[in-house]
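Student: The following comprises the amino acid sequence and a computationally predicted model.
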Amino acid sequence: MLYLSGLLIALALALIPSNSEASLKEGECEVCISFMGRLYQSLKDDDIKFTSADIEKALVKKCKDAKGKENRLCYYIGATSDAATKTINEVTKPLSYHVPVEIICEKLKKKDSQICELKYDKQVDLSTVDLKKLKVKDLKKILEEWGESCKGCAEKSDFIRKINELMPKYAPNAASARTDL
C-alpha cells in the first residue's frame, strides 16, 4: 500500500508543470515560431494530408525558397540538402498531430539551442531612412534581400544609386513616399 501511494505521488509530481523547466519567453524563437506557423497555415490552406511524409515534402520545398535566418533554421533542423544533422522528424511528427508551433519550437530548443537564438534582422523603413547615413554593409543587405547585387560598386554612392534605381521594382510604396528621388 505504501508503495502504491508513493507511486501516485511521483506520478502527480511528474504531471505538474515545474517553473524550472525552460519555457519560451516573449520574443524567443521568433524565426522558428514565424516560419513553422506559416508552414502550418500553408499546409491547411493547400489541403495537404497531415502525414509525416507529406509534411516533410512541404517543409523541404519551403526550405528551398527560404533565405537568411529562415534558411539557417532549415539547416539546423536538417531540411536543407547541405545539413549535417537530420532532426526533421522533430517537426513533422508533432505537426501531423497538430501540436502548436510554440511547443514544437520549445522542444527543438531543448535539442539545439541555436534554433531559438535566431532573430530576424531589423527591417529598414525605406520610405523614411536617409540612405547616406546607412553603412555600406546595410546597403548591401538591402540589395541582397531583393536578390540583387551591385557589380562594379566601389563606393557608398554607387550602392545608394543602385538602391534608388531598384526601389520602384522592390519597394514601390517606399519609392513613391520618398521625396529625394
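Tutor: That came in fine, so what should we check first?
Student: So, low pLDDT: which residues of the protein?
Tutor: Applying pLDDT under 70 to the chain picks out residues 1-24, 179-181.
Student: repeat that for 80
Tutor: Within the chain, the ranges that satisfy pLDDT under 80 run 1-27, 121-123, 175, 178-181.
Student: And the residue nearest the centre of it?
Tutor: Val31 (2.9 Å; CA atoms, centre = their mean).
Student: That one and Tyr120 touch, don't they?
Tutor: Yes. The criterion here is CB atoms under 8 Å, and Val31 meets it with Tyr120 at 6.2 Å. (Glycine included, C-beta is placed from N, CA and C.)
Student: shared neighbours, the two?
Tutor: Contact criterion CB atoms under 8 Å, 6 or more residues apart in numbering; residues shared by Val31 and Tyr120: Lys69.
Student: three-state assignment of Val99?
Tutor: What DSSP: H, G, I helix; E, B strand; the rest coil gives for Val99 is coil.
Student: And it, how close does it get to Leu118?
Tutor: Val99 sits at a distance of 20 Å from Leu118 (criterion: CB to CB, to the nearest Å).
Student: Tell me which of the two has more neighbours.
Tutor: Neighbour count, other CB atoms under 10 Å: between Val99 and Leu118, Leu118 has more, with 17 against 14.
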